[in-house]
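Asker: heads up, no residue letters with this:
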């Protein structure tokens with residue numbers, strides 16, 4: 001997985017009824033754009049994330 005600052009991280013809910021979480025990548029700490037990422041979610045919460053297979057990185061314009 002590769003990301004740039006400003007990209008969107010979408011983490012799919014993996015339990016019935018759990019919503020997807022979407023946040024903006026504000027820092028890339030891995031070499032060459034690899035994880036971990038610091039993500040700011042829509043509710044303002046910031047978290048260090050090591051994305052799993054339930055996550056995708058999208059350019060900011062594709063995050064509809």
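Answerer: Structure's in. What do you need? All of these numbers come straight from a predicted model, not from anything done at the bench. Numbering: from 1, shown residues only.

Asker: element containing the spatially most central residue of the chain, please.
Answerer: Centroid check for the chain by CA atoms, centre = their mean gives residue 9 as the closest residue, at 2.2 Å. Secondary structure from DSSP states H and E places residue 9 in strand 8-11.

Asker: Now do the residue nearest to the centre of the chain against residue 56, distance only.
Answerer: Distance of residue 9 to residue 56, given as CB to CB, to the nearest Å: 8 Å. From N, CA and C alone the C-beta is placed, and that goes for glycine too.

Asker: and what of residue 3?
Answerer: 10 Å.

Asker: and for the two, which residues touch both?
Answerer: With contacts taken as CB atoms under 8 Å, 6 or more residues apart in numbering, residue 3 and residue 56 have residue 9 as neighbours in common.

Asker: Would you map the strands across the protein?
Answerer: For the chain, applying DSSP state E gives strands covering 8-11, 21-28, 37-41, 46-49, 55-58.

Asker: Any chance of JSON lines for those strands, columns mean pLDDT?
Answerer: Output for the strands of the chain, formatted as JSON lines (pLDDT from 0 to 100):
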{"stretch": "strand 8-11", "mean pLDDT": "94"}
{"stretch": "strand 21-28", "mean pLDDT": "96"}
{"stretch": "strand 37-41", "mean pLDDT": "97"}
{"stretch": "strand 46-49", "mean pLDDT": "96"}
{"stretch": "strand 55-58", "mean pLDDT": "95"}
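
Asker: Pull the number of nearby residues for the residue nearest to residue 38 when sequence neighbours are not counted.
Answerer: Using CB to CB, 6 or more residues apart in numbering and skipping the chain neighbours, the partner closest in space to residue 38 is residue 27 (3.8 Å). Residue 27: 12 surrounding residues under other CB atoms under 10 Å.

Asker: if I pick residue 27, what's in contact with it?
Answerer: 5, 37, 38.

Asker: tell me which of the residues you listed is nearest to residue 17?
Answerer: residue 37 (26.0 Å; CB to CB).

Asker: Understood, closing this out.
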